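Colleague: Sequence plus predicted model, see below.
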Amino acid sequence: MGAALICVAKLPFAERTAIELIRGARPATPGSGDQRDFAIAGREAGRAGLSVSPPDCPYLGANEATLLG
């Protein structure tokens, strides 16, 4: 059985914001540790070989779901 597609637009605000930061679609606010950490997590995930979808992808990727925990 295949994985269900999860629409990013339907995620709660906090999770949607985290995905936007991970994908690089939203700049991290200077001085905001949580936002900076998600932006760094997205860059490091790509370097580690995890798949991070482009900012305009409407669906949550499996690796992105893993990063959200």
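Modeller: Now that the structure is in, tell me what you want to look at. Numbering: from 1, shown residues only.
Colleague: C-alpha from now on. contacts and neighbour counts both.
Modeller: OK.
Colleague: residues in contact with the nearest residue to residue 35 once chain neighbours are set aside?
Modeller: In space, and not counting its chain neighbours, residue 35 is closest to residue 28: 5.2 Å by CA to CA, 6 or more residues apart in numbering. The neighbourhood of residue 28, defined by CA atoms under 8 Å, 6 or more residues apart in numbering, consists of 21, 35-36, 39.
Colleague: Out of the helices and strands in this structure, which is least certain?
Modeller: Within the chain, no helix or strand scores below helix 33-47, which has a mean of 81 by mean pLDDT, DSSP states H and E.
Colleague: what sits up against it?
Modeller: For helix 33-47, the surrounding residues in contact (CA under 8 Å, 6+ apart) are 18, 21-24, 27-30, 51-52, 67.
Colleague: buried residues in stretch 34-43?
Modeller: Buried residues in stretch 34-43, defined by neighbour count with 16 or more other CA atoms under 10 Å: 35-36, 38-39, 41-43.
Colleague: ok, now stretch 44-55?
Modeller: Neighbour counts using 16+ other CA under 10 Å place 45, 50, 52-53 of stretch 44-55 among the buried residues.
Colleague: Can I get those residues in JSON lines including secondary structure and distance to residue 14?
Modeller: Listed next are the buried residues of stretch 44-55 as JSON lines, based on DSSP: H, G, I helix; E, B strand; the rest coil; distance: CA to CA, whole Å:
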{"residue": "45", "secondary structure": "helix", "distance to residue 14": "19"}
{"residue": "50", "secondary structure": "coil", "distance to residue 14": "22"}
{"residue": "52", "secondary structure": "coil", "distance to residue 14": "18"}
{"residue": "53", "secondary structure": "coil", "distance to residue 14": "18"}
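Colleague: how about TSV for the residues you listed, with distance to residue 13 added?
Modeller: Listed next are the buried residues of stretch 44-55 as TSV, based on distance: CA to CA, whole Å:
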residue	distance to residue 13
45	22
50	23
52	19
53	18
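Colleague: Among those, which one lies nearest to residue 8?
Modeller: residue 53 (11.1 Å; CA to CA).
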